[in-house]
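Student: pasting the sequence and the predicted model now:
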Amino acid sequence: MRIVVTLDVMIARRKIKAKDLAERIGITEANLSLLGTGKVKGVRFDTLAKLCNALERKPGDLLDIEAGDDQ
């Protein structure tokens, strides 16, 4: 199994620019992009909480799990 980040979907649904979201939660646009593509090994809970607050979503709306090989 692997964790899938659905942040880009939520950003599109909220019709917010990634630049504006990054500024609102206090991270760089580059780090937001890395997070959105799932190219990070972890995320701080406070960053996740800020994302959820800004997008008016719960953590489960931004993260999903995908069945597959455990490699």
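Tutor: Thanks, I have it.
Student: bridging residues for Lys4?
Tutor: That one is not Lys; residue 4 is Val. Bridge pairing for Val4 (DSSP bridges) gives the partners Asp64.
Student: what about it, distance to Thr28?
Tutor: Using Cβ to Cβ, to the nearest Å, Val4 is found at 22 Å from Thr28. Just so you know, the C-beta spots here come from the backbone N, C-alpha and C atoms, and that holds for glycine as well.
Student: just the element for the closest residue to Asp8 other than its chain neighbours, please.
Tutor: Ranked by Cβ to Cβ, 6 or more residues apart in numbering and with sequence neighbours excluded, the top spatial neighbour of Asp8 is Gly36, at 4.6 Å. Element membership of Gly36, judged by DSSP states H and E, is helix 29-37.
Student: put the alpha carbons of that helix into PDB.
Tutor: Output in PDB follows, covering the C-alpha atoms of helix 29-37 (Å, rounded to 0.1, in the frame of the first residue of the first chain):
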ATOM      1  CA  GLU A  29       5.400  27.300  -3.600                       C
ATOM      2  CA  ALA A  30       8.100  24.700  -4.400                       C
ATOM      3  CA  ASN A  31       7.500  22.800  -1.200                       C
ATOM      4  CA  LEU A  32       3.700  22.900  -1.800                       C
ATOM      5  CA  SER A  33       4.300  21.500  -5.300                       C
ATOM      6  CA  LEU A  34       6.500  18.700  -3.900                       C
ATOM      7  CA  LEU A  35       3.800  17.900  -1.300                       C
ATOM      8  CA  GLY A  36       1.100  17.900  -4.000                       C
ATOM      9  CA  THR A  37       3.000  15.500  -6.200                       C
END
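Student: what packs against that helix?
Tutor: Helices and strands touching helix 29-37, by 3 or more Cβ pairs under 8 Å, 6 or more residues apart in numbering; DSSP states H and E, are strand 2-5, helix 7-14, helix 18-25.
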